[in-house]
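Undergrad: Sequence plus predicted model, see below.
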Amino acid sequence: QTLPIPRVKRHEITPEEFLKEFAEKKRPVIIEDACSTWPASSRWSLTALEERFRHIDFKVGKTDKGKNIQLKMKYFIDYCRHQQDDSPLYL
């Protein structure tokens with residue numbers, strides 16, 4: 001039987017409550033808005049990454065034979081904006 005994973009907002013649970021209700025009981029939980037105040041959430045937009053790393057090559061996956069697949073960031077960003085793959089490329 002599959003049970004739904006509970007969701008809590010970051011501001012609605014204390015670290016102590018998290019430990020008692022989830023960590024100690026080894027229960028999964030999705031903590032919403034946990035990263036919303038992190039600087040990376042605004043600095044790491046697709047547009048910002050494209051502007052900063054446009055011409056840099058990145059590893060985005062491997063071939064079936066284990067060879068690295070590399071793309072320039074500008075092409076990877078374009079791929080991200082339009083892809084609908086079942087198994088998408090990743091950095």
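TA: Structure received. Numbers count the residues shown, from 1 in each chain.
Undergrad: mind listing what's buried in stretch 2-19?
TA: Neighbour-count burial for stretch 2-19 flags residue 8 (criterion: 16 or more other Cβ atoms under 10 Å). Glycine gets a C-beta too; all of them are placed from N, C-alpha and C.
Undergrad: And for that stretch, what's in contact with it?
TA: Contacts to stretch 2-19, defined as Cβ atoms under 8 Å, 6 or more residues apart in numbering, come from residues 21, 27, 28, 29, 30, 31, 32, 33, 34, 36.
Undergrad: Residue 78: which of those residues is nearest?
TA: residue 36 (27.0 Å; Cβ to Cβ).
Undergrad: Against residue 71, how distant is the residue lying closest to the closest one once chain neighbours are set aside?
TA: Nearest non-adjacent residue to residue 36, counting by Cβ to Cβ, 6 or more residues apart in numbering: residue 10, 7.5 Å away. For residue 10, the distance to residue 71 equals 34 Å [Cβ to Cβ, to the nearest Å].
Undergrad: what's the answer for residue 85, then?
TA: Computed with Cβ to Cβ, the distance linking residue 85 and residue 71 is 14 Å.
Undergrad: Please apply the same query to residue 87.
TA: On the measure of Cβ to Cβ, residue 87 and residue 71 end up 16 Å apart.
Undergrad: more crowded one of the two?
TA: residue 71 (18 against 6; other Cβ atoms under 10 Å).
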